[in-house]
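# using only what follows, build the 3D model:
(2 chains)
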Amino acid sequence: MGVPAIPRMQVRPDIVGGQLFKSVPVALRCSQLELAAVRRGSKPAALLCLTTDQIVSSGAYLRALGLRFVVASNPPSSFLQIALPERMHLRVEPRVRLYVARTDHAARSLAECEVQSDFSRLGALLGYPECCIAAAVARDRDVRDRLFDVERQTNLIYATLEASKSLNFACNILLRDSPVCQFGPSSLVSHYPCSFDCCKTADLARAFYDILADEWPLWSLQLVELLQSPLILWSDRWWPPHFWDEMAGVVQLGGTVDSSSRRISGGWSLPIGLGRTPGGALVADAIEIQIKEDATVFRLSHREHVISHAAAGSPVLLDWRRGHIERSCERQPSGISPT
Amino acid sequence: MEFPRLRWFVTRTDALQLTFTKAGLRPAVRFPVAFDQITGTVDAIEALGLSVIVGFDAVVPHPVVGRGGFSEWSSRRIARASDRASSCYLYAGHNPKYLERLRCADEAGDDEDTGGLLGYPRCCVRQFSRLRAAQNSSLASLVDPVLQSYKDHAAIDWRLNVSLLCYDTALIAYVPCSESCPAAIGQASVFFDFLSQQNGPIAQRLKKKLVTFVVHSNHYGVLSFSGIDLPHGRGLRITNIHHRAKDSVIGSLVQVGDRVVPGPHYLTLGAVDFSRKDVKFFQFT
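Residues are numbered from 1 along each chain as shown, chains lettered A, B, ... in the order given. Just a heads-up that it's a prediction; the model follows:
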């Protein structure tokens, strides 16, 4: 998907989303595009994972959508991709899967696929590209971390990154685990792409972008800016279990990248994922981020915040606007062997 | 029979069970009371001519999702602390020594002895103990004993409707071992006959509430409603909702006029299908 010929706008998802999606329950704002695509028949079905509290607060809204739903508590999510304390907390909350489609038959087929662990068919029924389904089925493995002897899931985001030669912002799903979610749709697609330059995913995203532009034109402009915002991402491969996080990174909303100095300036930072690394917390509201030789430095208005590469490893810089992946800086933390 | 004084302190179901105890239909009763309500409750029970003793342990309520604060089968006991915000159990009956034995069994965690001393049928007590023992100790993983013990393939005697305990509406206050347990039906019949003799209108009102359709789930809430059959086996149409918790999934998604279709794999409520593994549909007649 190329960049649409549209003027750049200020990145303020809180203000724009706050106005546009005011009447939508917070838990469903992120899924608005998916649900609209299902309603219009552009996507066969959608799968949402909500807490029972979220369904209660969204009940009237869900009824009004005119879609069919299957509600099931099985299979329970394992949350093996994230840190142990959060994993335990999430497992305790009663969580429900909502299979959404235009017909009873489609919603039920989806639910049955998941119960039968037929993930290839599940992906197909959700309308995901074949290459992405195949990649997800191959990569999504629960393994025992040999270093820490704790169960974990393959980091699917990092696996996708490793399979990517370049970046297409249409494939950017990293904001789905960020506060942007509470303001509106935070990605064009809802699946893990096989790579961040997957052509099939970009084609799908184009169709969804048209729906977004048709239903919420202001948000479509906003989302394009959000998805093109540069992002730095750490690998949690060598981190202790209390820090495991599939999407440990920071997005610099509205920022621009200077590749030569590995510096992102302008805009403001927003942590994604759990917002922490073994080297310190990921900070919001930084006006500049620079990946230096020995540390990542966040410049805030009155101070600097430093995350050393020795403690957290050095991150990868994703320049979604130019499509570049700055891998040269990637380095593992010292003193820890890979699993 | 309205127990105006007692009802200040205990639930409708507990007041009913106290009446049955007073009449000698069951040997003893146990119920939770907030610390600051103990004195008043004890006075009210003693005014009925019953003995009462106070449990040592604090009872920490652990509300079940979507049931408006109901926690009876998932409460847990801890050693009494100075925390006056929590509750404790009161044990009431005719014989103080018997009550002391009941308290000891209860606080020792002996579910079988406790159930027997409370006058529950032996088969139901055994079943309950088995279910508790088989469960993970994590409170979040506790599964509603009604869902485990009751099958929903046929109509059930309304006297065994314990789905509405969370709405303080039940004739018996324990979960029978099955939806057709003869011992539980026998005991419930004795209770109802007594209630009918004492106060016919109250008995009929209770029966009217218990003869109902119920959608019962672990985490989605409990719904009781009346409905009319739709032609050609197309299920039921909800005509009146009697009980639903507003904080429940079912309570938020279901309205009067919705169709209810109990299928082999799914229970359809309006636009939503619930997996039959999570939800049961009871017809109490």
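# now stretch A:93-104: mean pLDDT?
For stretch A:93-104, the per-residue pLDDT values average out at 88.
# equivalent analysis for stretch A:230-246, please.
pLDDT averaged over stretch A:230-246 gives 90.
# that one: which residues count as buried?
If you call a residue buried by 16 or more other C-beta atoms under 10 Å in any protein chain shown, then stretch A:230-246 has these buried ones: A:230-239, A:241, A:243-246. Heads up, the C-betas are built off the backbone N, CA and C, glycines and all.
# biggest separation within the residues you listed, which pair?
A:230 and A:241 (29.0 Å; C-beta to C-beta).
# which phi and psi does residue A:164 have?
Backbone torsions of residue A:164, given as degrees, to the nearest 10, read phi -100, psi 140.
# OK, contacts around it?
A:195-197, A:325 (C-beta atoms under 8 Å, 6 or more residues apart in numbering or on different chains).
# adding distance to residue A:218 and secondary structure, write those out as CSV.
Listed next are these as CSV, based on distance: C-beta to C-beta, whole Å; DSSP: H, G, I helix; E, B strand; the rest coil:
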residue, distance to residue A:218, secondary structure
A:195, 30, coil
A:196, 26, coil
A:197, 28, coil
A:325, 30, strand
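# ok, the buried residues of stretch A:230-246 vs chain B, which is closest?
Closest approach between the buried residues of stretch A:230-246 and chain B, by C-beta to the nearest C-beta: residue A:241, at 20.0 Å.
# wait, the closest one sits on residue A:84?
Yes. Residue A:241 is within contact range of residue A:84, at 4.9 Å (criterion: C-beta atoms under 8 Å).
# what's the overlap in contacts for these two?
Shared contacts of residue A:241 and residue A:84, counting by C-beta under 8 Å, 6+ apart, come down to residue A:150.
# from chain A, how far off is residue B:47?
42 Å (C-beta to the nearest C-beta, to the nearest Å).
# quick one, grab the pLDDT at that residue.
Value for residue B:47, per-residue pLDDT: 89.
# residues near it, how many?
10 (other C-beta atoms under 10 Å in any protein chain shown).
# now do the one 5 residues further on
Using other C-beta under 10 Å, residue B:52 has 22 other residues around it.
# just checking, it touches residue B:90?
Yes. The pair residue B:52 / residue B:90 is scored as a contact, 5.7 Å apart, by C-beta under 8 Å.
# common neighbours of the two, please.
B:41-42, B:45.
# chain A: which of those residues is nearest?
residue B:41 (32.7 Å).
# quick one: end-to-end distance for stretch A:36-48.
End-to-end distance of stretch A:36-48: 14 Å, with C-alpha to C-alpha, to the nearest Å as the criterion.
# equivalent analysis for stretch A:186-205, please.
First residue to last in stretch A:186-205 (C-alpha to C-alpha) measures 12 Å.
# neighbouring strands for the helix or strand containing residue A:96, and are they parallel or not?
Element membership for residue A:96, per DSSP states H and E: strand A:95-101. Strand A:95-101 pairs in its sheet with strand A:45-51 (antiparallel), strand A:68-72 (antiparallel), by DSSP bridges.
# who touches the shortest one?
Translated: strand A:68-72. Applying C-beta under 8 Å, 6+ apart, the set of residues contacting strand A:68-72 is A:55, A:62, A:96-104, A:106-108, A:110-111, A:114-115, B:220, B:249, B:266, B:271-275, B:277-278.
# buried residues of the next helix or strand after it, list them for me.
Remark: after strand A:68-72, the chain's next helix or strand is helix A:84-92, criterion DSSP H and E. Neighbour counts over helix A:84-92 (16+ other C-beta under 10 Å) mark A:84, A:87 as buried.
# need phi/psi at residue A:119.
phi -70, psi -30.
# what is the burial count for it?
By other C-beta under 10 Å, neighbour count at residue A:119 equals 14.
# now residue A:80, nearest residue through space, not along the chain?
residue A:153 (3.8 Å; C-beta to C-beta, 6 or more residues apart in numbering or on different chains).
# right, and the one you found touches residue A:139 too?
No. In terms of C-beta under 8 Å, residue A:153 does not count as a neighbour of residue A:139; the distance is 9.5 Å.
# closest point of the stretch 51-200 of chain A to chain B, which residue?
residue A:59 (2.7 Å).
# which helix or strand contains that residue?
Going by DSSP H and E, residue A:59 is in helix A:52-64.
# and that helix, what does it pack against?
helix A:26-29, strand A:95-101, helix B:249-253 (3 or more C-beta pairs under 8 Å, 6 or more residues apart in numbering or on different chains; DSSP states H and E).
# same thing but at 10 Å, please
Counting contacts by 3 or more C-beta pairs under 10 Å, 6 or more residues apart in numbering or on different chains; DSSP states H and E, helix A:52-64 is packed against helix A:26-29, strand A:45-51, strand A:68-72, strand A:95-101, helix B:249-253, strand B:272-275.
# sec struct for residue A:257, please.
strand (DSSP: H, G, I helix; E, B strand; the rest coil).
# how many residues are close by it?
Counted with other C-beta under 10 Å, residue A:257 comes out at 25.
# ranges for the strands of the stretch 101-250 of chain A?
A:142-145, A:150-153, A:231-233, A:249-253 (DSSP state E, counting those that start in this stretch).
# out of those, nearest to residue B:33?
strand A:150-153 (44.0 Å).
# my guess is residue A:212 meets residue A:223, correct?
Yes. Contact criterion C-beta atoms under 10 Å: residue A:212 and residue A:223 qualify, at 6.7 Å.
# what's the overlap in contacts for those two?
A:33, A:184-185, A:188 (C-beta atoms under 10 Å, 6 or more residues apart in numbering or on different chains).
# who are the contact partners of residue A:64?
residue B:271 are the contacts of residue A:64 under C-beta under 10 Å, 6+ apart.
# tell me, how many residues neighbour the residue of chain B found nearest chain A?
Using C-beta to the nearest C-beta, the single residue of chain B nearest to chain A is residue B:252, 2.7 Å away. Neighbours of residue B:252 under the rule other C-beta under 10 Å: 24.
# do the same with the one 3 residues further on
Counted with other C-beta under 10 Å, the neighbours of residue B:255 add up to 14.
# that one should be in a helix, yeah?
No. Counting by three-state DSSP, residue B:255 is located in no helix; its state is coil.
# wait, it sits on residue A:60?
Yes. Using C-beta under 10 Å, residue B:255 makes contact with residue A:60 at a distance of 9.4 Å.
# which SS state does the residue in chain B sticking out farthest from the centre fall under?
Going by C-alpha atoms, centre = their mean, the residue of chain B most distant from its centre is residue B:232, 35.1 Å out. Of the three states, residue B:232 takes helix according to three-state DSSP.
# and it, how far from residue B:153?
Distance, residue B:232 to residue B:153, using C-beta to C-beta, to the nearest Å: 21 Å.
# same deal with residue A:146?
Counting by C-beta to C-beta - residue A:146 and residue B:153 are separated by 49 Å.
# can you check residue B:103 too?
Residue B:103 is 40 Å from residue B:153, by C-beta to C-beta.
# more neighbours, these two?
residue B:103 (22 against 9).
# so how far is residue B:94 from the more buried one?
15 Å.
# one more: residue A:145?
From residue A:145 to residue B:94 the distance is 61 Å (C-beta to C-beta).
# okay, and the beta partners of residue B:31?
Bridge pairing for residue B:31 - DSSP bridges - gives residue B:90.
# burial measure for it, as a count.
By other C-beta under 10 Å, neighbour count at residue B:31 equals 22.
# spit out the contact partners of it.
With C-beta under 10 Å, 6+ apart, residue B:31 has these contacts: B:9-11, B:13-15, B:17-18, B:41, B:45, B:59, B:72, B:87, B:89-92, B:173.
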